[in-house]
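Trainee: Fold the stuff below for me.
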Amino acid sequence: LAVVGYFVGLSCALLANTLHLTVNGVQGQPALLYLVPCTVGVVALRAHWKGSLADLWSGAYFELQLMADAVEVAQPPSP
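Mentor: Numbering: from 1, shown residues only. I've put the predicted structure just below:
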């Protein structure tokens with residue numbers, strides 16, 4: 001999902017440079033002006049829709065993922 005956001009942000013950056021759009025009169029906008037909001041925004045919106053934005057924001061989401069991965073590794077394979 002973040003890859004889609006990155007693609008959209010990069011496309012916006014290229015389009016802004018092609019059309020000579022400026023922010024505060026600065027030519028050649030940095031890609032981060034478009035990449036960060038598109039990439040982080042898409043991930044944050046998805047987390048909000050799933051009800052896990054607080055976990056994502058605090059870092060607890062990644063701790064839960066690490067614990068889940070550790071449990072999968074610790075379990076012996078089924079015969």
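Trainee: use CA for all of it now, contacts and neighbours both
Mentor: Will do.
Trainee: So residue 30 lies in a strand, does it not?
Mentor: No: counting by DSSP: H, G, I helix; E, B strand; the rest coil, residue 30 falls outside a strand, being coil.
Trainee: What residue, apart from its backbone neighbours, is nearest it spatially?
Mentor: residue 13 (7.5 Å; C-alpha to C-alpha, 6 or more residues apart in numbering).
Trainee: any idea which element the one you found lies in?
Mentor: In the assignment (DSSP states H and E), residue 13 maps to helix 2-18.
Trainee: Please name every helix or strand in contact with that helix.
Mentor: With contacts taken as 3 or more C-alpha pairs under 8 Å, 6 or more residues apart in numbering; DSSP states H and E, helix 2-18 sits against helix 32-50.
Trainee: tell me how far the helix it packs on is from the chain's mean position?
Mentor: 5 Å (C-alpha atoms, centre = their mean, to the nearest Å).
Trainee: again with stretch 1-18
Mentor: 12 Å.
Trainee: got it, and stretch 30-42?
Mentor: Worked out by C-alpha atoms, centre = their mean, stretch 30-42 lies 8 Å from the chain centre.
Trainee: where does this structure have low pLDDT?
Mentor: Along the chain, the model assigns pLDDT under 70 to residues 27-29, 60-79.
Trainee: Can you mark which positions in the helix holding residue 13 are buried?
Mentor: Within helix 2-18, the residues scored as buried using 16 or more other C-alpha atoms under 10 Å are 5, 6, 8, 9, 10, 12, 13, 14, 16, 17.
Trainee: Please give me every residue in contact with the second one.
Mentor: Yep, that's residue 6 we're talking about. 35, 36, 38, 39 (C-alpha atoms under 8 Å, 6 or more residues apart in numbering).
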